[in-house]
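Chemist: Just a sequence and a predicted model for now, questions to come.
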Amino acid sequence: MLEYDASWIGKEFDRYTYDVTKEEIIGFAQSIGETNPLYTDEAYAATTPYGGLIAPPTFCVVFRSYARLPELQLSYGKRGFDGGKECEFLAPIRPGDTITGVDRIQQVYEKTGRSGSMIFIVRESELSNQHGEKVAVVRQSLIRRD
């Protein structure tokens, strides 16, 4: 039976802010090979319904907390590794936005795979802009195993 401190589920354990610049958006788009001018060409972007540059949706992965997970008192696993990310895109991120991230533990569950039992800890980051508009939700899984 999986044992851990369930009081952390849904509870905020970190809050952070990030100021978005035009240069970062363009640099990110170029670094991932994105050629859509909506993300790299100010003159073009101004003619679109967005009225200016916006960040590619996957830009939301640059906002991250460096806080450690709370002490879950997990009774299993000594090693952890990244289990991947899932992003839900809700509104455009623009140059000049100040993004606030709020991190919570969404869930902890056990799963058995080909190599045995694993524990999944899902960290959810809710990202909002300076207007209080939620722009994205990023869920990151950390896998622990013996």
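Modeler: Now that the structure is in, tell me what you want to look at.
Chemist: rest of the way, CA atoms for contacts and neighbours
Modeler: Noted.
Chemist: Report the helix or strand with the lowest average pLDDT across the chain.
Modeler: Least confident helix or strand of the chain, by mean pLDDT, DSSP states H and E, is strand 79-89 with a mean of 89.
Chemist: which regions of this protein lie under the pLDDT threshold?
Modeler: For the chain, the stretches flagged by pLDDT under 70 are 1, 77-78.
Chemist: in it, which strand has the most residues?
Modeler: Counting residues, the longest strand found in the chain (DSSP state E) is strand 98-113.
Chemist: can you state the direction angle for whatever helix or strand comes next after that strand and strand 79-89?
Modeler: Next helix or strand after strand 98-113 toward the C-terminus (DSSP states H and E): strand 116-128. Here the directions of strand 116-128 and strand 79-89 differ by 40 degrees (axes from the mean of the first three to the mean of the last three CA atoms, to 10 degrees).
Chemist: Return the distance of strand 116-128 from the chain's centre.
Modeler: Strand 116-128 has its C-alpha centroid displaced from the chain centroid by 11 Å (CA atoms, centre = their mean, to the nearest Å).
Chemist: Strand partners (parallel or antiparallel) of it?
Modeler: Strand pairing for strand 116-128, using DSSP bridges, gives strand 98-113 (antiparallel), strand 134-145 (antiparallel).
Chemist: Which of those has the highest mean neighbour count?
Modeler: The highest mean neighbour count among the strands paired with strand 116-128, using mean count of other CA atoms under 10 Å, belongs to strand 134-145: a mean of 20.
Chemist: For residue 79, give its distance to residue 142.
Modeler: Per CA to CA, to the nearest Å, residue 79 is found 10 Å from residue 142.
Chemist: Equivalent analysis for residue 103, please.
Modeler: For residue 103, the distance to residue 142 - CA to CA - is 14 Å.
Chemist: Need the residues touching each of those two.
Modeler: Shared contacts of residue 103 and residue 142 (CA atoms under 8 Å, 6 or more residues apart in numbering): residue 123.
Chemist: Would you mark the buried spots in the helix ranked longest in the chain?
Modeler: Longest helix in the chain, counting residues (DSSP state H): helix 22-31. By neighbour count on 16 or more other CA atoms under 10 Å, the buried set for helix 22-31 is 22, 25-26, 28-29.
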